[in-house]
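Q: Starting from these lines, generate the structure:
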Amino acid sequence: MKKVIGKTFLVLISLALVICMFAGCITIKEKGKYVTITPTPNPVPENYRGEITFSGFKSFEKDESNFEYIANFNANYPGVEVTYDEVYEDEYFSTLDEKIMDGSIGDVFVMDAARLAKYASMGKIIDLSPYLEGLISYKTFKRLVPQNILFKAAYDAAKYNGQYFMSPVEYSHEFVFINYSVFEKAGLTSPQDKWTWDDFYEIAEKVSTVEGIEKAVAIDCGDYAVWGAFARSYGDKLFTYDSFGNIINVNLTDADVMKGIGELTDFASKDYVENVQISEISAEELEKYGMIVCDRSDFERWAPYLDKTDEYDFEWDLIHFPRFSRDTVDEKGEPAQAIYYNIGGKTVGLAVKVRDDIADEDERDEHYRICATFALYSLEEDAAIKYCGEGETVPAIKDVNDMKFWREYPLEGKNTSVFSLFSSNDYTAFLTPFINYDASLEFTVGDAVKAAAEGRKDLRDSLQKIQDAVNSYM
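A: Predicted coordinates:
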């Protein structure tokens with residue numbers, strides 16, 4: 001009799017499970033008892049309907065990454081018609097300001113972080129912050145929180161006055177292009193990614209003895225990603241923050257900041273160092289240098305030449321930007337050594353254009369919501385992979401960046417991990433997210449370093465004038 005009762009009970013439970021499956025509930029065994037629960041339905045994307053334009057660029061003729069991003073978006077939002085406006089990268093950024101000012105840029109467009117504060121302060125792009133609330137992935141049903149997903153430097157570069165104006169998609173920082181043929185002539189071996197600036201200086205001295213090269217080193221001391229790294233190399237004392245983390249003044253004449261910038265100035269004064277905008281160095285001139293401090297845009301510009309092995313006769317590779325090894329003291333006042341990986345990260349992202357021509361407020365709000373959804377969709381891991389294509393973009397999302405698929409572009413077999421290596425220690429390579437845009441234009445530290453290196457002006461006097469001018473804005 002017990003066996004019959006047991007079997008009947010099991011049948012009833014099975015029947016209950018079947019009924020619950022159709023009713024949307026679940027029966028589970030908890031502490032020896034069967035409990036029925038009704039789960040919350042999984043959320044689905046809003047049924048948006050409308051038309052938007054998207055302006056972007058392609059890196060080469062058959063670059064389909066943006067089309068794939070749009071297709072991935074439309075899989076969730078089929079009611080949104082996206083018209084894509086595309087040109088080559090050089091043309092895109094050379095005409096971007098003009099298109100922003102005359103309003104011909106797309107509703108959503110690609111921009112570099114260096115322009116963000118300018119466009120935000122002029123009211124040309126919308127604040128995306130309100131659209132982050134409750135933002136989720138409809139694939140994983142997890143919250144999409146930019147500060148958790150992105151490299152910190154990329155997240156910081158997306159903000160202006162504490163608000164989020166851009167959804168980062170691309171991220172990279174400075175590294176060093178190494179001419180190994182020159183190294184071999186100098187009797188040098190390959191440096192490692194954890195080399196220091198002390199190693200860099202020593203190598204530069206030896207490379208300078210090689211006959212036939214133009215300069216041992218090419219470096220742009222006016223690039224904030226470079227001079228900012230030196231300014232922070234004895235600790236982050238460049239800015240003073242309030243209790244909310246906002247910058248209240250700039251400390252260019254702080255003793256430690258001065259010490260770091262002074263080291264860069266001393267290096268720039270060497271006969272074998274060329275302080276130059278790296279964009280002025282052509283691919284055909286690469287073999288004239290031992291080391292070039294550059295970024296990925298420079299490397300992409302040189303890649304077509306370097307890919308034709310019959311047109312050059314030197315060995316080369318890429319090495320991470322050197323770290324700083326600083327003598328300091330520990331908490332007990334004992335001699336110690338601090339290591340800093342300071343380097344400025346450069347970011348590109350998606351922004352949404354302000355539409356003053358849409359008179360109806362409700363219609364405009366709906367339009368902005370659709371556009372913001374399209375821009376912020378780049379926080380989805382699958383979408384970020386599509387946007388990256390075959391590696392035309394260095395992913396700004398940490399988890400995607402950890403993947404290997406993108407690292408063969410633009411040339412295979414090279415140390416392309418340098419594009420984002422040690423990124424957890426990076427800072428945004430532009431001042432404008434932190435201080436007033438007009439004030440950032442006064443930061444001519446590169447000129448101050450160059451003038452001091454050439455013996456034309458005193459470094460401290462120049463930095464004091466810049467500091468006073470910038471702080472007067474704040």
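Q: going forward, measure contacts and count neighbours with C-alpha atoms only.
A: Noted.
Q: so what's Gly349 up against?
A: 110-113, 158, 166-170 (CA atoms under 8 Å, 6 or more residues apart in numbering).
Q: I'd like these as TSV, with secondary structure appended.
A: TSV is the format used below for the contacts of Gly349 (DSSP: H, G, I helix; E, B strand; the rest coil):
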residue	secondary structure
Val110	strand
Met111	strand
Asp112	strand
Ala113	helix
Ala158	coil
Met166	coil
Ser167	strand
Pro168	strand
Val169	strand
Glu170	strand
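Q: Would you mind checking the average pLDDT for stretch 383-401?
A: The pLDDT scores in stretch 383-401 average 95.
Q: Ok, stretch 170-184 next?
A: Rounded mean pLDDT across stretch 170-184 is 96.
Q: Tell me the predicted confidence for Lys3.
A: 42.
Q: Leaving out the residues flanking it, which one is nearest to Phe374?
A: Phe73 (7.1 Å; CA to CA, 6 or more residues apart in numbering).
Q: isn't the one you found right up against Ala383?
A: Yes - using CA atoms under 8 Å, Phe73 is in contact with Ala383, at 7.4 Å.
Q: Give me the common contacts of the two.
A: In contact with both Phe73 and Ala383: Tyr377, using CA under 8 Å, 6+ apart.
Q: check contacts around the closest residue to Leu144 other than its chain neighbours.
A: Distances taken as CA to CA, 6+ apart place Ile136 nearest to Leu144, at 5.0 Å, with adjacent residues excluded. By CA under 8 Å, 6+ apart, the contact set of Ile136 is 142-144.
Q: ChimeraX command for the buried members of the residues you listed?
A: Applied in ChimeraX, the following selects the buried portion of those according to 16 or more other CA atoms under 10 Å:
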select :144
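Q: Out of the contacts of Ile136, flag the one nearest to Gly262.
A: Leu144 (42.4 Å; CA to CA).
Q: measure that closest one to Glu381 for me?
A: Counting by CA to CA, to the nearest Å, the gap from Leu144 to Glu381 is 10 Å.
Q: Ile213 now?
A: From Ile213 to Glu381 the distance is 45 Å (CA to CA).
Q: Same drill for those two, tell me which one is more crowded.
A: Glu381 (20 against 17; other CA atoms under 10 Å).
Q: Tell me who's in contact with that one.
A: 397, 399-400.
Q: Most neighbours among those, please name it.
A: In those, the most neighbours by other CA under 10 Å go to Ile397, 27 neighbours.
Q: Find the nearest non-adjacent residue to that one, please.
A: Nearest one to Ile397, counting by CA to CA, 6+ apart, is Leu150 at 4.5 Å.
Q: can you map out the strands along the stretch 51-200 of the chain?
A: Assigned by DSSP state E, counting those that start in this stretch, the stretch 51-200 of the chain shows strands spanning 80-88, 108-112, 159-160, 163-164, 167-173, 175-179.
Q: returning to what we had before: between all of the contacts of Gly349, which two are separated the most?
A: So, those by CA to CA: farthest apart are Val110 and Ala158, at 12.3 Å.
Q: These two: which has the busier surroundings?
A: A count of neighbours by other CA under 10 Å puts Ala158 above the other of Val110 and Ala158, at 29 against 24.
Q: how close does the closest residue to that one other than its chain neighbours get to Tyr340?
A: Ranked by CA to CA, 6+ apart and with sequence neighbours excluded, the top spatial neighbour of Ala158 is Met166, at 4.9 Å. The gap separating Met166 from Tyr340 is 28 Å, by CA to CA.
Q: still on that earlier bit, read off the pLDDT value for the residue nearest to Ala158.
A: 98.
Q: Please give me every residue in contact with it.
A: Contacts of Met166 (CA under 8 Å, 6+ apart): 116, 128, 158-159, 349-352, 375.
Q: Give me the phi and psi for Ile247.
A: Main-chain torsions, Ile247, degrees, to the nearest 10: phi -80, psi 130.
Q: got it, and the one 5 residues further on?
A: When read as degrees, to the nearest 10, the backbone of Leu252 gives phi -60, psi -30.
Q: what's the neighbour count on it?
A: Other residues close to Leu252 by other CA under 10 Å number 23.
Q: so what's it up against?
A: With CA under 8 Å, 6+ apart, Leu252 has these contacts: 231, 238, 258, 463-464, 467.
Q: please redo it, this time with the cut-off set to 7 Å
A: Residues counted as contacts of Leu252 (CA atoms under 7 Å, 6 or more residues apart in numbering) are 238, 258, 463, 467.
Q: Quick check: the gap between it and Leu264.
A: From Leu252 to Leu264 the distance is 14 Å (CA to CA).
Q: do Ala120 as well
A: Distance from Ala120 to Leu264, by CA to CA: 33 Å.
Q: for Glu214, same thing?
A: In terms of CA to CA, Glu214 sits 20 Å off from Leu264.
Q: now do Ser59
A: 34 Å.
Q: Just give me the neighbour total for Val44.
A: Val44, neighbours per other CA under 10 Å, totals 12.
Q: That one - that's part of a helix, no?
A: No - read with three-state DSSP, Val44 is coil and lies in no helix.
Q: where's it relative to Glu311, distance?
A: 55 Å.
Q: where along the stretch 251-400 of the chain do the helices fall?
A: 255-268, 296-306, 361-376, 381-388, 398-401 (DSSP state H, counting those that start in this stretch).
Q: Name the nearest residue to Asp458, ignoring sequence neighbours.
A: Ala452 (5.6 Å).
Q: same question, Ala383
A: Using CA to CA, 6+ apart, the closest residue to Ala383 is Tyr69 (5.8 Å).
Q: Equivalent analysis for Ser325, please.
A: Using CA to CA, 6+ apart, the nearest residue to Ser325 is Ile339, at 4.7 Å.
Q: okay, now the one you found: neighbour count?
A: Using other CA under 10 Å, Ile339 has 14 neighbouring residues.
Q: Likewise for Glu174?
A: Glu174, neighbours per other CA under 10 Å, totals 27.
Q: wait, it sits on Asp295?
A: Yes - counting by CA atoms under 7 Å, Asp295 is a contact partner of Glu174 at 4.5 Å.
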